[in-house]
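Undergrad: Sequence and predicted structure below; questions after.
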Amino acid sequence: MSFLYRSTRNAEETATASEAILKGLAENGGLFVPDEIPALDIPFEELAEMDYKEVAYEVMSRMLTDFTEEELRFCIEGAYDSKFDTELIAPLKYHHGAFILELFHGKTIAFKDMALSILPYLMTTAAKKNNLNKEIVILTATSGDTGKAALAGFADVPGTHIAVFYPKNGVSPIQEKQMVTEKGKNTFVAGITGNFDDAQTGVKKMFSDKELAAYLDEKGYIFSSANSINIGRLVPQMVYYVYAYTRLVKAGTVAPGDSINIVVPTGNFGNILAAYYASLMGIPVRKFICASNDNKVLYDFFTTGTYDRNRDFILTTSPSMDILISSNLERLIYRIAGNDAEKNSELMKSLTETGSYEITDEMKKNLYQFYGNYADTDEVAEIIRTLYAEDGYIIDTHTAVAVSVYDKYKKETEDNTPTVIASTASPYKFTRSVMTAIDSSLESKGDFELVDELEKLSAVRIPKAVEEIRTAPVVHDTVCDKEEMEAVVKKFLEIQ
């Protein structure tokens, strides 16, 4: 059954799945949302016997309805192959009383690989379907992980160019080295003298600039996005929550139809929204546990019903979550407002103009499945030490935020529902914060010395993604102010 995607800010603006993927962002800054979430009408026992690719097809074929079976299977086969270092793609490990869903076995050792491995295939297929004869320019803001995963996915893909902006002093040394050593001939990376919100705002501004769009069109280019504002990022992320649930069914941990909890370390709200969409498709979820770091704008929102970014921006040891404007929350706001684009648009206008908005009591009632809490930097270090002491399992700082918040949730509620925790990055991406949490005497060691120490402690081989950047030369050294972002994109495309 075919359905359309609709803008969260204009009920009249619609697109097919392939059109929404190509556009990335709707006009006026709106996000594309499905008119409906179709039911996953296959018994869980049947899904439990499928591998990751087969589950991916069942989920994505129901969401991306204008792709043929042949097109979708081609995209899935190309994405989930030997670039992942485990055949399972997303293994579940039991530690600390929960099931840790390891989403970091892809090419750039972060969960963004789960969707950004397939997005280039979806986008180039969508371009052919829609007879697009322009070069696609992927414009992306990153808080650390999306950038490299998008660069790796789109590097040297014909008909595409990719420009990535990251906060110059707001990512880990490994994250930065991964990005600035990218060799793809169609890639461009720039650090900005600001934070992630500045980068994200600058990217959105370019997307909504009609004059710039006309100029690009004249030069043979069209903008699209690799951020989770693109529905082509969000739909593949739904897959691993369906997959995780069906693995628990297969193991006999839950009976088909029994509920689970899902804990997600959250910054831009895309990953936890994908879990919510998976539940609307049929995965039974009791609670979505939204874990924030010191930048606890989402915790405050779920506690009070007021979203307020007017606060100090804090640099933490979980930098991919150092975000005050959670773009994907807009999709949830639209839904709890009864799919009311006018109401949603009014709230987003308030966010732009005043930095805050307040939802109604009726809307707040619709958030009953969500629980929010946060972990500060000291608590993150403590939980990393705890898990290592318990059984030698080492987690990264973002996963530690999630585990710490889950501990708080259990203490508050005494809820023993089986729980899946999204582990969003390899500890090798944040070696300094991870290793000094375990042993503070390692502080004086260099970043790659810490990589070697982590291998000894964890007995997990150094990922290729880290090994290959050890001696890689810096290819991208541009640093710009947020006001210069448009100019550097034009220079990259040689259209100034």
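TA: Ah, there it is.

Undergrad: going forward, measure contacts and count neighbours with C-alpha atoms only.
TA: Noted.

Undergrad: can you give me the offset of stretch 176-187 from its chain's centre?
TA: The chain centre lies 20 Å from the centre of stretch 176-187; the measure is CA atoms, centre = their mean, to the nearest Å.

Undergrad: now the end-to-end length of that stretch.
TA: For stretch 176-187, the separation between the terminal residues is 15 Å (CA to CA, to the nearest Å).

Undergrad: residue ranges of the helices in the stretch 1-150 of the chain, please?
TA: Taking DSSP state H, counting those that start in this stretch as the test, the helices found in the stretch 1-150 of the chain are 17-23, 44-48, 52-63, 69-79, 113-116, 119-129, 145-154.

Undergrad: Summarise which helices and strands the longest one is packed against.
TA: Counting contacts by 3 or more CA pairs under 8 Å, 6 or more residues apart in numbering; DSSP states H and E, helix 52-63 packs against helix 69-79, helix 231-251.

Undergrad: How about residues contacting that helix?
TA: With contacts defined as CA atoms under 8 Å, 6 or more residues apart in numbering, helix 52-63 is touched by 1, 17, 34, 37-38, 40, 47, 67, 69, 72-73, 76-77, 80, 88-90, 235-236, 238-240, 242-243.

Undergrad: What mean pLDDT does that helix get?
TA: Average pLDDT, helix 52-63: 98.

Undergrad: Using neighbour counts, pick out the buried residues of it.
TA: Across helix 52-63, burial judged by 16 or more other CA atoms under 10 Å covers Tyr52, Lys53, Glu54, Val55, Ala56, Tyr57, Glu58, Val59, Met60, Ser61, Arg62, Met63.

Undergrad: Could you tell me how far it lies from the centre of the chain?
TA: From the chain centre to the centre of helix 52-63 is a distance of 19 Å (CA atoms, centre = their mean).

Undergrad: re the thing from before, only whichever of the contacts of helix 52-63 are buried, select them in ChimeraX.
TA: In ChimeraX, selecting the buried portion of the contacts of helix 52-63, with burial taken from 16+ other CA under 10 Å, looks like this:
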select :17,34,37,38,40,47,67,72,73,76,80,89,90,235,236,238,239,240,242,243
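
Undergrad: Low-confidence stretches in the stretch 301-450 of the chain?
TA: The stretch 301-450 of the chain contains no residues with pLDDT under 70.

Undergrad: For it, just list every one of the helices.
TA: So, for the stretch 301-450 of the chain - with DSSP H, counting those that start in this stretch - the helices run 329-336, 341-354, 361-365, 377-391, 397-413, 431-438, 447-458.

Undergrad: Buried residues, the first one. List them.
TA: Counting neighbours by 16+ other CA under 10 Å, one finds that the buried residues in helix 329-336 are Leu329, Glu330, Arg331, Leu332, Ile333, Tyr334, Arg335, Ile336.

Undergrad: Okay, the spatially most distant residue from the centre of the chain and Glu13: tell me how far apart.
TA: Relative to the C-alpha centroid of the chain, counting by CA atoms, centre = their mean, Ser441 is the outermost residue, at 33.2 Å. According to CA to CA, Ser441 and Glu13 sit 57 Å apart.

Undergrad: Check Glu27 too.
TA: Distance, Glu27 to Glu13, using CA to CA: 8 Å.

Undergrad: Skip the chain neighbours and tell me the closest residue to Ala39.
TA: Met281 (4.6 Å; CA to CA, 6 or more residues apart in numbering).

Undergrad: got it, and Glu36?
TA: Using CA to CA, 6+ apart and skipping the chain neighbours, the partner closest in space to Glu36 is Phe3 (7.4 Å).

Undergrad: Val164 belongs to a strand, doesn't it?
TA: Yes: counting by DSSP: H, G, I helix; E, B strand; the rest coil, Val164 is part of a strand.

Undergrad: Low-confidence bits of the stretch 51-200 of the chain, can you list those?
TA: Within the stretch 51-200 of the chain, no stretch has pLDDT under 70.

Undergrad: Can you get me a residue count around Ile359?
TA: Neighbour count of Ile359, defined by other CA atoms under 10 Å: 18.

Undergrad: Next one: it from Phe32, what distance?
TA: From Ile359 to Phe32 the distance is 21 Å (CA to CA).

Undergrad: Number of residues surrounding Leu139?
TA: By other CA under 10 Å, 25 other residues sit near Leu139.

Undergrad: check contacts around it.
TA: Contacts of Leu139 by CA under 8 Å, 6+ apart are Ile162, Ala163, Val164, Val203, Phe223, Ser224, Ser225, Ala226.

Undergrad: Tyr80 now?
TA: Lys53, Ile89, Ser117, Ile118.

Undergrad: Distance from the chain centre to stretch 137-152, please.
TA: Centroid separation for stretch 137-152 versus its chain: 10 Å, with CA atoms, centre = their mean.

Undergrad: Check which residues of it are buried.
TA: By neighbour count on 16+ other CA under 10 Å, the buried set for stretch 137-152 is 137-152.

Undergrad: Could you do stretch 152-170 as well?
TA: Buried-residue list, stretch 152-170, by 16+ other CA under 10 Å: 152-157, 160-168, 170.

Undergrad: do the same with stretch 180-191
TA: Within stretch 180-191, judged by 16+ other CA under 10 Å, the buried ones are Val180, Thr181, Glu182, Lys183, Gly184, Asn186, Thr187, Phe188, Val189, Ala190, Gly191.

Undergrad: who's in contact with the nearest residue in space to the fourth one that is not next to it in sequence?
TA: Computed as CA to CA, 6+ apart, the closest residue to Lys183 that is not its neighbour in sequence is Val475, at 6.8 Å. For Val475, the contact set (CA under 8 Å, 6+ apart) comprises Val180, Thr181, Glu182, Lys183.

Undergrad: Tell me the secondary structure at the residue nearest to the first one when sequence neighbours are not counted.
TA: Yep, that's Val180 we're talking about. Residue nearest to Val180 in three dimensions, not counting chain neighbours: His476, with 4.8 Å by CA to CA, 6+ apart. Under three-state DSSP, the three-state class of His476 is coil.

Undergrad: for the one 3 residues further on, same thing?
TA: Each residue gets one of three states, and Val479 gets strand by three-state DSSP.

Undergrad: what is it paired to in the beta sheet?
TA: Counting by DSSP bridges, Val479 forms beta bridges with Gly191.

Undergrad: so Thr193 touches Asp481, yeah?
TA: Yes: the pair Thr193 / Asp481 is scored as a contact, 5.2 Å apart, by CA atoms under 8 Å.

Undergrad: Looking at those two, which is more packed in?
TA: The neighbour comparison of Thr193 against Asp481 (other CA under 10 Å) goes to Thr193, with 18 against 13.

Undergrad: now Pro427: how far from Thr419?
TA: As judged by CA to CA, Pro427 and Thr419 stand 21 Å apart.

Undergrad: Also Tyr409?
TA: Counting by CA to CA - Tyr409 and Thr419 are separated by 11 Å.

Undergrad: Ala226 now?
TA: For Ala226 relative to Thr419 (CA to CA), the value is 29 Å.

Undergrad: Tell me which of these two has more neighbours.
TA: Neighbour totals were compared for Ala226 and Thr419, and Ala226 leads with 32 against 24 (other CA under 10 Å).
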